[in-house]
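K.L.:
Turn this into a structure:
(one chain, ligands or ions: 2)
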Amino acid sequence: MTNATEPTISFLGCGSMNEAILGGLLAGGISPAQVTATVRSAERAAELRRVHGITVLATAEDADANRIAAAGADVVIMGVKPVGTIALAREIASVLRPTTTVISVAAAISLAMLEAALPEGQPVIRSMPNTPSRLGRGVLSISAGTHADASLMAQARDILGSAGTVVDIPEKQVDALSAVSGSGPAYVFYLAEAMAAAGVELGLDPGLAKILATETVAGAGYMLAERDADPTALRRAVTSPNGTTEQAIATFDRLDLPVIIAAGALAASNRAQAITEELDS
Ligand SMILES: NC(=O)C1=CN([C@@H]2O[C@H](COP(=O)(O)OP(=O)(O)OC[C@H]3O[C@@H](n4cnc5c(N)ncnc54)[C@H](OP(=O)(O)O)[C@@H]3O)[C@@H](O)[C@H]2O)C=CC1
Ligand SMILES: O=C(O)[C@@H]1CCC=N1
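P.N.:
Ligands and ions are numbered 1, 2, ... in the order given. The predicted model follows:
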């Protein structure tokens, strides 16, 4: 049974990102009875029902799945690929209640594009989350659309807060934020892959090298998650004067690793802008 004092939430599209937010919300205490999700395939719907105990509708089984889920929601969280987001907004436009807040997590889809596809006056919020949301350790930005007033932003902050740290940002900063925190987990996983490969190069067994790299990145992440953690101070605490780490860091500096990371982030941000131009034409 739904609880009339808690908002009903519909996740339209429930793949990597929306399932991560869903996991964070459920772990944070939101009742499965308040939540509906939609996907395309019946198999994926069955899996989500089994894992999360929520109502899931598949468009393969019911062409009206998104419209049914959207009509019953106080908050809709759209999590399909950017290329499908505007079509999805148009699909649900006629069934939304005027008070329903539509949150989109799609990269590169602007508030203006969303508002143009939805009924005049619909409250819209653009969010850029990341996948550690599943563990309640995500970073989720929110940017208000024209009709998302302070109380609806507070509601979004409250709901998404179960998935991690919520930051309010002006929409013009979303692509930059996405290049740091949206894509960022992939950079860290890439580092873990590279560390494991380096261990193999040095003669370690691949299975052992993977454990060493994975546990080291996870352990360092836990240290960063401590209150007032400072990455520079933590790095210095590992780097003994004239020791081994100092040689590794000096080599990274000589090879311009920070410049390489900045170039990657710039490429991510530029790609977001290019997708916006492609889809806004
Ligand atoms: N992945 C990430 O780390 C992040 C992603 N994002 C944004 O999140 C959005 C989703 O990305 P991601 O989760 O990676 O993508 P996925 O492909 O993993 O998930 C997309 C989901 O949408 C479903 N879907 C597709 N079309 C429809 C439709 N018409 N109706 C209902 N469901 C539909 C798919 O169903 P089915 O499974 O049946 O195919 C799938 O569950 C993107 O816009 C992306 O920019 C934002 C921040 C981070
Ligand atoms: O790669 C992408 O396009 C999405 C947006 C940020 C992370 N994943």
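
K.L.:
For the stretch 51-200 of the chain, which residue gets nearest to ligand 2?
P.N.:
At 3.4 Å from ligand 2, residue 182 is the closest residue in the stretch 51-200 of the chain, using Cβ to the nearest ligand atom. Every residue, glycine included, has its C-beta placed from N, CA and C.

K.L.:
Grab the nearest non-local neighbour of that residue.
P.N.:
Once flanking residues are discounted, residue 182 sits nearest to residue 128: 4.9 Å by Cβ to Cβ, 6 or more residues apart in numbering.

K.L.:
What distance do you get for that neighbour to residue 194?
P.N.:
From residue 128 across to residue 194, the span is 25 Å (Cβ to Cβ, to the nearest Å).

K.L.:
Tell me who's in contact with the residue of the stretch 51-200 of the chain closest to ligand 2.
P.N.:
By Cβ atoms under 8 Å, 6 or more residues apart in numbering, residue 182 lies in contact with 107, 128, 129, 130, 268.

K.L.:
who's more crowded, residue 128 and residue 194?
P.N.:
residue 128 (29 against 11; other Cβ atoms under 10 Å).

K.L.:
and that one, what does it touch?
P.N.:
Residue 128 is in contact with 105, 107, 140, 141, 174, 177, 178, 181, 182, counting by Cβ under 8 Å, 6+ apart.

K.L.:
can you tell me which helix or strand the second one belongs to?
P.N.:
It refers to residue 107. Counting by DSSP states H and E, no helix or strand carries residue 107.

K.L.:
And it, what's its pLDDT?
P.N.:
Here the pLDDT value assigned to residue 107 is 98.

K.L.:
I'd assumed residue 80 was in contact with it.
P.N.:
No: under the criterion of Cβ atoms under 8 Å, residue 107 makes no contact with residue 80, lying 11.5 Å away.

K.L.:
and stretch 165-180, average pLDDT?
P.N.:
98.

K.L.:
Quick check: buried residues in it?
P.N.:
Buried residues in stretch 165-180, counting neighbours by 16 or more other Cβ atoms under 10 Å, are found at 166, 174, 175, 176, 177, 178, 179, 180.

K.L.:
And residue 107 and residue 80? Which one has more around it.
P.N.:
Taking neighbours as other Cβ under 10 Å, residue 107 and residue 80 compare with residue 80 leading, 25 against 21.

K.L.:
nearest residue to the more buried one other than its sequence neighbours?
P.N.:
Using Cβ to Cβ, 6+ apart, the closest residue to residue 80 is residue 13 (3.6 Å).

K.L.:
mind checking how far the one you found is from ligand 1?
P.N.:
3 Å (Cβ to the nearest ligand atom, to the nearest Å).

K.L.:
Counting by contacts, list what the helix or strand where residue 51 lies packs against.
P.N.:
Using DSSP H and E, residue 51 maps to helix 42-52. Where contact means 3 or more Cβ pairs under 8 Å, 6 or more residues apart in numbering; DSSP states H and E, helix 42-52 is packed against helix 16-27, strand 35-39, strand 55-58.

K.L.:
residues of the longest one that come out buried?
P.N.:
Read it as helix 16-27. Result for helix 16-27 [16+ other Cβ under 10 Å]: buried residues 17, 18, 19, 20, 21, 22, 23, 24, 25, 26.
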